[in-house]
Structures are given as C-alpha cells and as structure tokens.
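1. Pasting the sequence and the predicted coordinates here, then a few questions.
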Amino acid sequence: MLLDFARSERISGNVPHTLSGFPPALVRRLVIKIGSALLVDPAGQVRVDWLRTLVADVAARKAAGQQVIIVSSGAIALGARRLNLPKGGRGSLEDAQAAAATGQIALSQCWASLLHEKGITAAQMLVTLDDLENRRRYLNASATLERLMALDVVPVVNENDSVATAEIKFGDNDRLAARIGQAARADAVALLSDVDGLYTANPHVDASAMLIETIERIDARIDGMADGGSASGMGSGGMISKIQAARIATGAGAHLAIISGKVDAPLSHWANGGKGSIFLAAPTKRARKGWLAGRLTTRGRIVVDAGAERALSNGNSLLPAGVARIEGVFARGDVVDIVTADGRVIARGLIEYDSEAAGKIAGHRSEEIAALLGEMPRSVLVHRDHMAMV
C-alpha cells in the first residue's frame with residue numbers, strides 16, 4: 001500500500017527530471033537554506049571543509065547565471081560554544097540572545113571569507129518575524145534583496161535572534177527561507193537537511209519508509225507524514241516546519257525542495273542524481289495576495305458557514321451574512337484568518353471592520369448594517385481584492 005501511495009504522488013513525464021537540481025536554465029533565482037546541524041559540528045565549530053564544498057556549488061551556479069540567496073542558521077550554536085553556555089545556548093531566552101549576538105559575527109565572517117575565495121561579495125541581512133509580517137518593512141526587505149541581486153552580491157540571511165522573542169520569532173529558518181524566497185520573488189527554495197526528502201514515515205525509525213519525489217498538492221496525507229523532531233538536537237526545525245515552508249513557497253509561486261546536506265557539494269550531488277523531494281509551485285498569486293497567504297501571524301478569526309465557503313472559493317468577497325462568529329480583538333485593516341466551523345483556515349485577508357463592529361453585523365445581510373451600526377461605510381467584511389485563499 002505504501003508503494004502504491006508513493007507512486008501516486010510522483011508526477012509522470014519530465015517534470016521531476018527537468019526540475020531535479022534546480023538547474024540555472026530553469027531557476028533564475030534560488031534560495032538555499034542551511035541548518036545548524038549541517039554548518040556546525042557537535043563541538044560548536046564551523047564545518048569549514050564541508051561549507052567550502054557548498055560555496056563551490058554556489059560559485060558554479062552563479063557562473064552559470066543563477067542568482068543565489070543563502071539563509072544560514074548556526075549563530076546560536078557558534079555563540080554558545082564561545083560563551084560556554086549549557087544546552088547549546090538554548091537554556092533560556094537570554095542565553096539564546098547572547099549566543100546569537102556573539103555567534104553572528106563568527107558566522108558572517110566565515111561566509112564572507114569563503115565566498116571571497118571564489119570572488120563573490122557577501123552581504124548580511126538580519127530580520128525578525130515582524131520585518132516580514134509588516135507590509136512596509138516587507139517591501140523594504142524585498143527592495144534590498146532586489147538591489148543586492150542587481151549588484152551580483154550573495155545575501156546571507158538569518159533571523160535576528162539577538163532581539164527576537166518567542167512572540168516575534170519565526171522559530172525555524174525553514175519558514176524564514178520560504179518568506180525570503182517570496183520577498184525576493186525567487187523561483188525556487190532548497191532546504192538542505194539531515195534527511196534527503198519527505199518520506200511516508202520517519203526514515204530514522206521506520207525502515208519501510210519511502211521517499212516521495214514530487215508533491216503536487218499539500219493535503220492532510222502529506223501533513224500526516226511530518227515529524228517535528230530535529231534529529232541533531234541543535235536546530236529548531238523538523239519535517240513539520242519544512243512542510244509549512246513548502247506551503248508558503250509554493251503559494252508564492254516558487255518550487256521547494258528538501259535535499260540531503262550530509263554529503264559534500266550537496267547541490268551538485270542532487271543535480272547529478274541524488275535523492276530529494278520537490279513540492280511544485282502553485283499558480284503565482286499577485287504580490288500582495290502572496291504576502292497575505294504567507295503570513296505567519298494574524299489578529300483574529302472569522303468563522304464562516306458552508307455557503308460563505310463556497311462563495312469565497314468562487315472568488316467572491318466575504319459578506320457579513322455568511323459569518324457564524326468573530327474570534328479575537330482586531331482593528332480595521334488587520335490581517336485575519338477566515339476559517340470553517342471545524343477550524344480549517346481557507347483564506348486570509350484585511351478586515352474592513354474592527355472586531356466590535358464585525359461582531360454586531362455577523363450573520364446579518366449587508367442592507368442591515370446601517371441600522372445595526374448607525375452607518376454603512378462598507379458592505380463587505382473582507383473584500384476579494386484584499387483576500388488570499390490558502
């Protein structure tokens with residue numbers, strides 16, 4: 001049964017073979033994410049020899065015309081060793097922030113030095129969740145990445161863990177890489193991992209687990225294969241975070257691959273027949289809608305009935321009549337999730353009313369709004385132009 005299922009998830013024809021390795025001829029702009037366990041050894045030292053082989057891969061791709069953005073973990077792990085902090089620097093928020101502040105210098109120096117050996121200029125970008133959730137700062141980050149690409153520079157991006165807290169953290173660089181890919185309008189994202197793709201079960205514990213080479217659509221079966229653990233204990237991600245990243249990337253029109261980073265020259269290894277899983281991009285959303293769909297934080301939830309769900313799937317705006325209830329406290333213009341009665345998120349958008357007014361008109365027809373509120377400034381709760389299906 002597992003074999004039949006795995007085969008059913010592969011796409012026939014040329015698609016996997018054409019995209020395998022994300023060749024420069026098809027992927028103009030690529031985001032590469034490297035996790036802590038690949039970049040830093042258990043003693044807290046940079047794996048320089050391995051990293052040099054990855055940089056050689058990057059240089060070869062740049063020479064072939066591909067633009068590359070690197071999302072690099074490792075600052076906390078490096079800083080923890082230098083400060084002699086327990087638990088890899090993750091024993092407390094204060095320790096993690098101090099380790100990140102210390103390790104980020106070493107990490108950026110390492111990248112800059114190795115890229116310079118190949119005649120490549122590196123640039124550092126540190127971002128927090130808020131930088132990509134706030135629309136204006138997101139556009140600023142996008143413009144910076146675009147300019148760096150035009151200048152033939154390789155940006156090295158990391159979460160700014162020295163100031164990030166639990167409330168304003170991505171929590172893992174998989175999702176950060178997907179959001180950076182979206183901001184940079186990348187064609188693809190490659191996640192280098194300690195596992196060489198998505199399997200039907202955790203291959204570290206189940207010998208019968210089978211690799212799924214190509215995923216057209218992320219559904220409940222795909223979600224059910226995820227394992228949240230980080231095998232090394234050094235990073236913060238797992239397969240769950242990688243599938244979440246795939247949702248963001250594919251929704252923004254970029255392919256996403258999970259490949260093994262446990263080999264030298266991992267990009268060349270993959271391009272020359274190594275294993276990997278590719279999540280295929282969905283049809284590209286408009287930029288604003290892609291940003292909405294890829295957000296990781298929202299201010300509230302609008303629970304809708306079956307009729308409203310059908311209307312939204314047909315491209316209509318959300319009217320008050322289809323709303324069962326309002327959850328959360330929000331202001332006009334905040335981003336909210338639109339969910340079904342069983343809690344399934346179906347859309348995300350900019351709300352036209354604050355939560356108090358929205359609660360008053362929920363379940364009522366648009367022509368009743370004026371009587372309920374004393375005025376009717378808008379006839380919809382979320383306009384279709386400010387909504388993205390997810």
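-> Sure thing, it's come through. Here the structure is a predicted model, which means the values were calculated and not measured.
2. Where does pLDDT dip in the stretch 101-250 of the chain?
-> Counting by pLDDT under 70, the low-confidence segments of the stretch 101-250 of the chain come to 165-171, 227-237.
3. How far does stretch 264-282 stretch from one end to the other?
-> Counting by Cα to Cα, to the nearest Å, you get 31 Å between the two ends of stretch 264-282.
4. what mean pLDDT does it have?
-> Confidence over stretch 264-282, taken as the mean pLDDT, stands at 94.
5. Show me what counts as buried in the helix or strand encompassing A143.
-> For A143, the enclosing helix or strand under DSSP states H and E is helix 135-150. Of the residues in helix 135-150, those with enough neighbours to count as buried (16 or more other Cβ atoms under 10 Å) are Y138, A141, S142, T144, L145, L148, M149. C-betas here are computed from N, CA, C, even on glycine.
6. For G273, see how far away A265 is.
-> A265 sits 13 Å away from G273 when distances are taken as Cβ to Cβ, to the nearest Å.
7. who's more crowded, those two?
-> Neighbours around A265 and G273, counted as other Cβ atoms under 10 Å, are more numerous at A265. The numbers are 18 against 9.
8. Touching, the more buried one and L51? I think so.
-> No - judged on Cβ atoms under 8 Å, A265 makes no contact with L51 at a distance of 10.9 Å.
9. anything in contact with each of these two?
-> Among the neighbours of A265, none is also in contact with L51 (Cβ atoms under 8 Å, 6 or more residues apart in numbering).
10. Outline the domain layout of this protein.
-> Here the chain is described, according to automatic domain parsing, as comprising the domains 2-290, 298-389.
11. tell me the most buried of those domains?
-> Per residue and on average, the most neighbours among the domains of the chain fall to domain 2-290, with a mean of 19 (mean count of other Cβ atoms under 10 Å).
12. mind checking which helix or strand K242 is in?
-> helix 239-251.
13. Which neighbouring elements make contact with whatever helix or strand comes next after that helix?
-> On the C-terminal side of helix 239-251, the nearest following helix or strand under DSSP H and E is strand 255-260. Strand 255-260 is packed against strand 188-193, helix 239-251, helix 266-271, strand 276-279, with contacts defined by 3 or more Cβ pairs under 8 Å, 6 or more residues apart in numbering; DSSP states H and E.
14. Relative to F22, which of those is closest?
-> strand 188-193 (4.8 Å; Cβ to Cβ).
15. Partner strands of the closest one, with direction?
-> strand 29-34 (parallel), strand 255-260 (parallel) (DSSP bridges).
16. With mean pLDDT as new columns, can those be given to me in CSV?
-> As requested, those are exported to CSV (pLDDT from 0 to 100):
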stretch, mean pLDDT
strand 29-34, 97
strand 255-260, 96
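17. For the ones you listed, please prepare CSV with the additional fields distance to V68.
-> Supplementary listing: the strands paired with strand 188-193 in CSV, determined by distance: least, Cβ to Cβ, whole Å:
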stretch, distance to V68
strand 29-34, 6
strand 255-260, 14
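18. Compare those and give me the one nearest N84.
-> When these are ranked by proximity to N84, the top entry is strand 29-34, at 24.6 Å, counting by Cβ to Cβ.
19. Next SSE downstream of the closest one?
-> With DSSP H and E, the next secondary element past strand 29-34 is helix 36-39.
20. packing partners for that following helix?
-> Helices and strands in packing contact with helix 36-39 are listed as helix 75-83; criterion 3+ Cβ pairs under 8 Å, 6+ apart.
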